[in-house]
Each structure stands twice: as C-alpha cells, then as structure tokens.
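Undergrad: Quick one, structure for this:
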Amino acid sequence: MSIAQNIQEIRKNIPANVSLVCVSKFHPENAILEAYNCGERIFGESRVQELQAKQTKLPADIQWHFIGHLQSNKIKLVLPTVSLIHGVDSFNLLKEINSRALKAGRVVSCLLQVHIAREETKFGFSMEEIHQMLSGIEFGSFENVQINGLMGMATLTDDKEQIRAEFRTLRHLYDKLKREYFQNNENFLELSMGMSDDYQIAIDEGSTMVRIGSSIFGMREY
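TA: Alright, predicted model coming up:
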C-alpha cells in the first residue's frame with residue numbers, strides 16, 4: 001500500500017484525542033511530503049543532522065519532534081527546530097536543555113522518558129529517580145523547560161500482556177505525578193507510548209500520543 005493508504009488505515013484506529021507522530025527518521029523528503037499532503041503535521045526524527053537538513057527543505061508548518069536519545073553536545077543544534085523533545089532521560093540532560101534554552105531565549109517543551117521495559121538497552125528514568133528529581137529544589141528553578149508529560153517504550157516482545165502491563169505502569173505513574181507535582185500545570189497532558197507494533201495496546205492503556213514509522217513509511221532506508 002502507499003503511504004497515503006497506510007495513514008488512512010492507521011487513522012481509523014486512532015481516536016481524535018490521540019496525536020500521531022509520523023516517525024520519518026531515515027526516510028526521504030518525498031515520503032514526508034506524501035504524509036504531509038495527507039494532512040499530517042507532526043514528524044519525528046532522531047538524528048540532529050538529518051533533522052536539520054530536512055527542516056530546511058520541507059514546509060515551515062511541520063512540527064518536528066526529537067524522539068531519539070539526545071546527547072548534551074547536540075542540544076543547541078536542535079533547539080531552533082524542535083517543538084517537543086520526547087526522550088529526556090536524565091536530570092543532567094534536562095538541566096543542560098534548560099541552560100541552553102535560557103541562552104537561546106526560549107522555553108522548550110519536553111517529555112520525561114521513563115524506563116518501563118525489561119530491556120537494559122532502553123534509556124529512561126527509574127521510578128525512584130523521577131520522584132527524586134521532581135521533589136528537588138533545583139528542578140523547581142528550571143524556567144526554560146516545560147514538562148508536557150511522560151514517554152516510555154515497552155519491551156520488544158510478542159507477549160502482549162507484558163506490553164500492556166508496562167504501558168499500564170507508565171499510565172499509573174503519569175496519574176501519580178499529575179496529582180503530586182503537576183496538578184496545577186495545564187501543560188502536563190501527554191503520555192507518549194505506542195509504536196507500530198503496539199500502538200493499539202498503548203491507546204487502550206491511555207496513550208495520548210503514538211509514534212508510528214514503519215507502518216506508515218515501510219522499512220527504513222539506512
């Protein structure tokens with residue numbers, strides 16, 4: 001099927017209150033334009049140089065999300081381009097984003113990435129680390145980052161009940177943090193979980209934002 005047909009099928013399964021991030025990393029500009037012409041406006045990239053190159057050639061109203069592991073030395077390069085950073089996975093990274101955003105004169109929207117999978121290779125805060133950071137004095141002084149919610153990736157497995165349990169754990173944490181730290185923060189709204197293979201389970205468990213690549217664009221061109 002074409003990209004347009006893929007999007008049409010996926011859209012049938014996504015409620016109106018759930019945002020679709022089209023994961024366009026490793027895919028060419030013409031593929032992104034095809035999705036854009038279907039009405040999609042949110043695209044996810046994970047490599048800074050690739051994001052910069054695409055951003056200069058594609059429509060200005062695209063919202064670029066950085067969805068990969070962001071290195072501290074690349075923060076200043078993504079700040080002029082991105083509307084949301086999905087994978088803030090440590091206190092030091094958030095601190096550096098705040099510092100760079102202050103120098104750039106802007107406030108950067110971020111999601112806190114939580115480690116919910118059984119795979120050690122995935123990044124993210126532990127439950128203890130995220131509570132420790134949010135209750136700390138230094139976090140309260142960050143004025144150039146805006147925490148919009150949480151992000152997490154489930155284990156790569158065929159066990160759907162395990163995936164469901166991991167997403168449910170993240171949803172419960174989101175609810176808890178909303179009550180304890182973000183009750184009066186109208187921006188803390190997003191729960192980014194679910195990809196091509198598991199987005200329907202994620203939506204069942206409360207996802208507000210799904211990140212879909214291969215089911216839209218096909219296999220990546222590395």
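
Undergrad: Which strands or helices does the biggest helix by length in the chain pack on?
TA: The longest helix of the chain (DSSP state H) is helix 160-180. Contacts defined by 3 or more Cβ pairs under 8 Å, 6 or more residues apart in numbering; DSSP states H and E place helix 160-180 against helix 127-134, strand 145-151, strand 190-192, helix 199-204. Every residue, glycine included, has its C-beta placed from N, CA and C.

Undergrad: rerun at 6 Å
TA: helix 199-204 (3 or more Cβ pairs under 6 Å, 6 or more residues apart in numbering; DSSP states H and E).

Undergrad: Quick one: residues in contact with the helix it packs on.
TA: The contact list for helix 199-204, computed with Cβ atoms under 6 Å, 6 or more residues apart in numbering, reads 13, 18, 163-164, 167, 193-194, 210.

Undergrad: Out of the residues you listed, give me the one that has the most neighbours.
TA: Met193 (30 neighbours; other Cβ atoms under 10 Å).

Undergrad: any idea how far Gly206 is from that residue?
TA: Using Cβ to Cβ, to the nearest Å, one gets 8 Å for the distance from Met193 to Gly206.

Undergrad: circling back: name the nearest of the contacts of helix 199-204 relative to Ala101.
TA: Met193 (25.1 Å; Cβ to Cβ).

Undergrad: which residues sit in contact with Phe91?
TA: By Cβ under 6 Å, 6+ apart, the neighbours of Phe91 are Met133.

Undergrad: Need phi/psi at it.
TA: With angles defined as degrees, to the nearest 10, Phe91 sits at phi -60, psi -40.

Undergrad: quick one, strands of this protein?
TA: With DSSP state E as the definition, the chain shows strands at residue ranges 19-23, 42-45, 63-66, 82-88, 108-113, 145-151, 190-192, 209-212.

Undergrad: In TSV, list those strands along with mean pLDDT.
TA: Putting the strands of the chain into TSV (pLDDT from 0 to 100) gives the following:
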stretch	mean pLDDT
strand 19-23	98
strand 42-45	97
strand 63-66	97
strand 82-88	95
strand 108-113	97
strand 145-151	97
strand 190-192	98
strand 209-212	97
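
Undergrad: Using a markdown table, lay out the ones you listed together with distance to Lys95.
TA: Converted to a markdown table, the strands of the chain look like this (distance: least, Cβ to Cβ, whole Å):
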| stretch | distance to Lys95 |
| --- | --- |
| strand 19-23 | 25 |
| strand 42-45 | 23 |
| strand 63-66 | 17 |
| strand 82-88 | 10 |
| strand 108-113 | 12 |
| strand 145-151 | 9 |
| strand 190-192 | 21 |
| strand 209-212 | 24 |
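
Undergrad: Identify whichever of those strands lies nearest to Met1.
TA: Among the strands of the chain, the nearest to Met1 by Cβ to Cβ is strand 209-212 (14.1 Å).

Undergrad: buried stuff in the closest one?
TA: Using 16 or more other Cβ atoms under 10 Å as the test for burial, strand 209-212 gives 209-212.
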